[in-house]
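**Q** My questions concern the predicted model and sequence given below.
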Amino acid sequence: MKQVINYIEENQNRYIEELKDYLRIPSISTLPSHKKDMKTCANFVAKKLKEAGMKNVKLFPTKGNPLVYGEWLGAPGKPTVLIYGHYDVQPVDPLDEWESDPFEPVIKDGKIWARGADDNKGQNFVHIKSVEAFMKTVGKLPVNVKFLIEGEEEVGGESIEIFLKQNKKLLKCDAVLISDTSLYAPGIPTINYGLRGLSYMEVEITGPNRDLHSGSFGGAVANPINELAKLIAKLHNKDGKITIPGFYKNVKRLTKKEKENIKKLRFSEKKFAKELGVKELQGEKGYSTLERLWARPTLDCNGIVGGFTGEGAKTVLPSKASAKISMRLVPDQDPKEIARAFTKYVKSLVPKSVKINVTDMHGAYPVVIPLNDPAIIAAAKATSKAFGKKTVFTREGGSIPIVVEFAQQLNAPVVLMGLGLDSDNIHSPNEHFSLDTFRLGIISSVYFFEEFSKVKKK
Ligand code: BES
Ligand code: ZN
C-alpha cells in the first residue's frame with residue numbers, strides 16, 4: 001500500500017497537468033455547437049483509462065453523447081466496483097464574471113479553476129488516477145473495477161439510462177462508486193447518503209395575438225407577464241409551503257437518528273448566510289436550513305422571459321411570457337406524479353383571458369441510501385483514513401438522475417464519496433476544486449478498494 005501512496009505523492013504534478021488537459025476540452029452537453037468537443041472529451045477519458053491499465057476500453061455510441069467504458073477484472077473471487085462519473089459540463093455564462101478563461105485552467109490559492117474542475121472532471125479523475133497508481137506499482141487492483149463515464153448528466157442522462165437497462169450483465173457489480181457530490185466542510189471526509197429528485201417544468205402564457213402598445217391596450221387586455229408573476233406568487237403560501245394539491249402527500253419525514261445526526265453537525269446558519277451575502281435565510285417554516293436542503297421538497301423559478309428586456313424603455317404589452325420552474329423532490333415523491341399535479345394546478349390558476357402551455361422537461365427520482373451496507377462502511381473507513389478525521393454522513397440537495405437506476409437495475413449499493421465543496425461554484429462562474437482534496441480523494445479511492453476487497457462477495 002505504501003508504494004501506491006508514494007506513487008500518488010510523487011506523480012501529483014503530472015496528475016494535475018493531465019487534469020488541466022481534461023479541463024481544456026469545452027464539453028458543454030447542452031449546447032449543440034459543442035457536439036465535437038463531446039466526442040473529443042470521451043476519447044480523452046478513454047485514453048486516460050487505457051493509460052491507467054484498464055482493459056476493454058471503448059466508447060459506446062448513443063443517440064446523444066458517447067459513453068466511455070473500461071474494466072479490469074483480474075481479481076477473481078473479489079468484489080467488483082462500478083465507478084461512475086460524467087465528462088460533460090455546464091455552460092459558462094455569464095462569461096464576463098469569470099476571473100480567468102473557463103477552459104484554460106489556472107492554479108491559484110491551492111485550487112484549480114475551470115469549468116468542470118469540481119463538477120465533475122476533477123472528481124472522476126480522482127478514481128482514474130487511483131487505479132493508475134495501483135497498476136503502475138503493484139500491477140494489480142485488490143478488487144475488480146469497471147468504469148462508466150457519461151456525457152449527458154447535466155442534461156438529464158437519457159442515454160445512460162437506456163444503456164444501463166440493456167447492459168445489466170456488462171455492468172454487474174457489488175457496489176457503485178461515485179464522486180459527484182460534496183464534503184460537508186473543507187477537510188471533513190464525507191459520505192452522502194441521499195440526493196433530492198427533480199421535476200423540471202416550463203410554463204408559457206399567451207395573451208393577445210401580438211405585442212401591443214401598452215397605452216392603447218394596457219388595462220383592457222390581460223398582460224401575460226403580470227399573469228405569470230401572479231401564478232408564480234401563488235405557488236408558495238406565507239409559510240413557504242408549496243400550494244400544489246397533494247404535493248407533500250408522499251414526503252417521508254426525517255428519522256430520529258437523522259435529526260440527531262444533523263444536530264451533531266452543528267451547522268452555522270449565520271456563517272452560511274454571510275458567505276452568500278444575504279442578511280437572512282428563508283424557507284419553509286418549521287425546518288432548519290439543513291432539513292430544508294436535504295429532506296424537504298422545494299420549488300424554484302429558474303428563469304423567466306417576456307416583453308422588453310433590452311436597454312432603455314419600451315412601452316409594450318407583450319403577447320407571451322414564460323418561466324422555467326423546477327421542483328427538488330424527496331423520497332417518496334414521484335417526479336412523474338409531481339409533474340402531473342403541477343400541470344393541473346397551474347392550469348387552474350390562470351384566468352380565461354390567457355392561454356397556458358405546460359411542458360415537462362425532465363426529472364429525476366430522489367434517493368436515500370441505507371447506511372448499514374458493507375460498501376458504505378468500507379467507504380467511511382477509507383475516507384476517514386485518508387483525511388485523518390472521522391467521516392460524517394450527509395444528504396445532498398442536488399440530483400444525479402442515474403443513481404436510483406443503478407440501485408434498482410444493478411441491485412447494488414451506491415457509495416457517494418463527495419469531494420467537492422458547496423462553495424466551489426459549480427454551475428456558476430469561477431468554478432474551482434481544491435488540489436488538496438484532489439490528492440486526498442485519490443488516496444480515499446485507494447483505501448476504498450483495499451477496504452472493499454475484504455468484504456465478502458454477495
Ligand atoms: N454534481 C451535481 C449534483 C449535485 C449538486 C450533487 C450539488 C450535490 C450537490 C450534478 O452534476 C448536477 O448538477 N445534477 C443536476 C441534475 C439535473 C440536471 C437532472 C442537478 O442537480 O441540477
Ligand atoms: Zn452539475
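**A** Great, that's in hand. Ligands and ions are numbered 1, 2, ... in the order given.
**Q** For the residue in the chain that ligand 1 sits nearest to, list the residues it contacts.
**A** Closest to ligand 1 within the chain is residue 398: 2.5 Å, counting by C-beta to the nearest ligand atom. C-beta: built from backbone N, CA, C; applies to glycine. For residue 398, the contact set (C-beta atoms under 8 Å, 6 or more residues apart in numbering) comprises 181, 195-196.
**Q** and what of residue 422?
**A** residue 182.
**Q** Give me the pLDDT value at it.
**A** If you check residue 422, the pLDDT there is 95.
**Q** hey, where'd the strands end up in the stretch 201-350 of the chain?
**A** Remark: strands assigned in the stretch 201-350 of the chain by DSSP state E, counting those that start in this stretch are 212-213, 298-306, 316-317, 320-329.
**Q** And the helices in the stretch 1-150 of the chain?
**A** Here the stretch 1-150 of the chain has its helices, by DSSP state H, counting those that start in this stretch, at 2-10, 12-23, 35-51, 121-137.
**Q** ok, now the stretch 351-458 of the chain?
**A** Using DSSP H, counting those that start in this stretch, helices in the stretch 351-458 of the chain cover 374-387, 402-410, 435-453.
**Q** Now that we have those, can you turn them into CSV and tack on distance to residue 242, mean neighbour count and mean pLDDT?
**A** Formatted as CSV, the helices of the stretch 351-458 of the chain follow (distance: least, C-beta to C-beta, whole Å; neighbours: other C-beta atoms under 10 Å; pLDDT from 0 to 100):
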stretch, distance to residue 242, mean neighbour count, mean pLDDT
helix 374-387, 32, 21, 98
helix 402-410, 22, 19, 96
helix 435-453, 35, 23, 98
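**Q** I'd like to know which of the ones you listed lies nearest to residue 35.
**A** helix 402-410 (21.5 Å; C-beta to C-beta).
**Q** follow-up on the earlier one: which one of the helices of the stretch 351-458 of the chain lies closest to residue 102?
**A** helix 435-453 (17.9 Å).
**Q** Pull out the CA atoms of that closest one and give them to me as PDB.
**A** C-alpha atoms of helix 435-453 as PDB (Å, rounded to 0.1, in the frame of the first residue of the first chain):
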ATOM      1  CA  LEU A 435      -6.000  20.400  -5.000                       C
ATOM      2  CA  ASP A 436      -5.600  19.100  -1.500                       C
ATOM      3  CA  THR A 437      -8.900  17.300  -1.800                       C
ATOM      4  CA  PHE A 438      -7.900  16.000  -5.200                       C
ATOM      5  CA  ARG A 439      -4.900  14.300  -3.600                       C
ATOM      6  CA  LEU A 440      -6.800  13.100  -0.600                       C
ATOM      7  CA  GLY A 441      -9.600  11.900  -2.900                       C
ATOM      8  CA  ILE A 442      -7.200   9.700  -4.800                       C
ATOM      9  CA  ILE A 443      -5.900   8.300  -1.500                       C
ATOM     10  CA  SER A 444      -9.500   7.700  -0.300                       C
ATOM     11  CA  SER A 445     -10.200   5.800  -3.500                       C
ATOM     12  CA  VAL A 446      -7.100   3.600  -3.000                       C
ATOM     13  CA  TYR A 447      -8.100   2.800   0.600                       C
ATOM     14  CA  PHE A 448     -11.700   2.100  -0.500                       C
ATOM     15  CA  PHE A 449     -10.500  -0.600  -3.000                       C
ATOM     16  CA  GLU A 450      -8.400  -2.100  -0.200                       C
ATOM     17  CA  GLU A 451     -11.200  -2.000   2.400                       C
ATOM     18  CA  PHE A 452     -13.900  -3.200   0.000                       C
ATOM     19  CA  SER A 453     -11.700  -6.200  -1.100                       C
END
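**Q** Can you add distance to ligand 1 and give the helices of the stretch 351-458 of the chain back as a markdown table?
**A** Listed next are these as a markdown table, based on distance: least, C-beta to the nearest ligand atom, whole Å:
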| stretch | distance to ligand 1 |
| --- | --- |
| helix 374-387 | 16 |
| helix 402-410 | 10 |
| helix 435-453 | 14 |
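**Q** Indicate which one of those helices is closest to residue 27.
**A** The closest of the helices of the stretch 351-458 of the chain to residue 27 is helix 402-410. By C-beta to C-beta, the value is 17.5 Å.
**Q** List of residues touching the closest one?
**A** With C-beta under 8 Å, 6+ apart, helix 402-410 has contacts from 82, 84, 150, 153, 157, 160-161, 164-165, 168, 171-173, 176, 178, 195, 197, 364-367, 369, 412-414, 416.
**Q** and what of stretch 98-107?
**A** 16, 19-20, 23-26, 92, 95, 112-115, 117, 429-431, 435.
**Q** The residues you listed, buried ones only, as a PyMOL selection?
**A** This is how PyMOL selects the buried members of the contacts of stretch 98-107, with burial counted by 16 or more other C-beta atoms under 10 Å:
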select buried, resi 16+19+20+23+24+25+26+92+112+113+114+115+117+430+431+435
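**Q** among the contacts of stretch 98-107, which are in strands?
**A** The strands, defined by DSSP state E, take in 112-113 from the contacts of stretch 98-107.
**Q** re earlier: can you say which of the helices of the stretch 1-150 of the chain is packed in most?
**A** Among these, ranked by average contacts under mean count of other C-beta atoms under 10 Å, first place goes to helix 121-137 (a mean of 25).
**Q** got the angle for it vs helix 2-10?
**A** For helix 121-137 against helix 2-10, the angle by axes from the mean of the first three to the mean of the last three C-alpha atoms, to 10 degrees is 130 degrees.
**Q** anything in helix 121-137 sitting right up against ligand 1?
**A** No: Helix 121-137 lies apart from ligand 1 when judged by C-beta under 6 Å from any ligand atom; the minimum separation is 8.1 Å.
**Q** could you give the angle of that helix to helix 435-453?
**A** 60 degrees.
**Q** next one: helix 121-137 to chain centre, how far?
**A** Centroid separation between helix 121-137 and its chain, computed with C-alpha atoms, centre = their mean, to the nearest Å, is 21 Å.
**Q** tell me the mean pLDDT over that helix?
**A** Computed over helix 121-137, the average pLDDT equals 98.
**Q** Which strands and helices lie in contact with that helix?
**A** Counting contacts by 3 or more C-beta pairs under 8 Å, 6 or more residues apart in numbering; DSSP states H and E, helix 121-137 packs against helix 2-10, helix 12-23, helix 35-51, strand 80-86, strand 144-150, helix 435-453.
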